[in-house]
Every structure is written in structure tokens, then in C-alpha cells.
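Peer 1: structure here, sequence nowhere to be found:
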């Protein structure tokens, strides 16, 4: 599994929220095993949009879409509880 390079605004968001190390750890886990229990990957509603998320930490999630079979692109990084 491969995650495309983050856009600059996504990198800034991670830096501003002190999430860079947590994101890198989650990214490595995802690339090794997208179904690792700590990632809590899920298909988001409405399901027909085919958007997924994985956990960066208890508060933040990365929203993504599959670009190809083994390639994903992060759409946004968000506070899960807002």
C-alpha cells in the first residue's frame, strides 16, 4: 500500500497541531497493514462516495480515497469530534 505525498496545507496542519510524528507512525502502519487495529480504518457515510478514514490519534483522522488498487490519497486531516 502506498500513500501519496501530502499537500503543503496538509503538512502545515500536521505541524500546527503537533501531529507530524503521529501521522508518520500511522502512515507506516497503514502501508504495512491498512487493517491494523490501532488505525481503526472505516468506510465513511455515505458509502457510495468511497471515502475512508484512519486514525492518527484518538482525536484526529486522515480522510482518504483509493486512487488505484494499492495507492491512496489523503483528502484531508480532521478533528474527528468537530
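Peer 2: Noted; the coordinates are in hand. None of these values were measured; they are calculated from a predicted model.
Peer 1: quick one: contacts for the residue nearest in space to the middle of the chain?
Peer 2: Nearest to the geometric centre of the chain sits residue 62, at 2.8 Å (CA atoms, centre = their mean). Contacts for residue 62 (CB atoms under 8 Å, 6 or more residues apart in numbering) come out as 23, 26, 53-54, 56, 74, 76-77. From N, CA and C alone the C-beta is placed, and that goes for glycine too.
Peer 1: what is the burial count for residue 53?
Peer 2: 22 (other CB atoms under 10 Å).
Peer 1: what residues are up against it?
Peer 2: For residue 53, the contact set (CB under 8 Å, 6+ apart) comprises 41-42, 44, 61-64.
Peer 1: do the same with residue 19
Peer 2: 13, 56-57, 60, 77.
Peer 1: and it, what's its pLDDT?
Peer 2: Model confidence at residue 19, expressed as pLDDT, equals 97.
Peer 1: and it, how far from residue 77?
Peer 2: Separation of residue 19 from residue 77 (CB to CB, to the nearest Å) stands at 7 Å.
Peer 1: need the overlap of contacts for these two.
Peer 2: Joint contacts of residue 19 and residue 77 (CB under 8 Å, 6+ apart) are 13, 56, 60.
Peer 1: from those, which land in helices?
Peer 2: residue 13 (DSSP state H).
Peer 1: and which of the shared contacts of residue 19 and residue 77 is nearest residue 1?
Peer 2: residue 56 (16.2 Å; CB to CB).
Peer 1: since we're on that closest one, how many residues are nearby?
Peer 2: By the measure other CB under 10 Å, the count of residues near residue 56 is 23.
Peer 1: looking at it, it is touching residue 22, isn't it?
Peer 2: Yes: contact criterion CB atoms under 8 Å: residue 56 and residue 22 qualify, at 5.2 Å.
Peer 1: okay if I get the shared contacts of residue 19 and residue 77 as a markdown table plus distance to residue 81 and pLDDT?
Peer 2: Shown next, in a markdown table, are the shared contacts of residue 19 and residue 77 (distance: CB to CB, whole Å; pLDDT from 0 to 100):
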| residue | distance to residue 81 | pLDDT |
| --- | --- | --- |
| 13 | 16 | 96 |
| 56 | 13 | 97 |
| 60 | 9 | 97 |
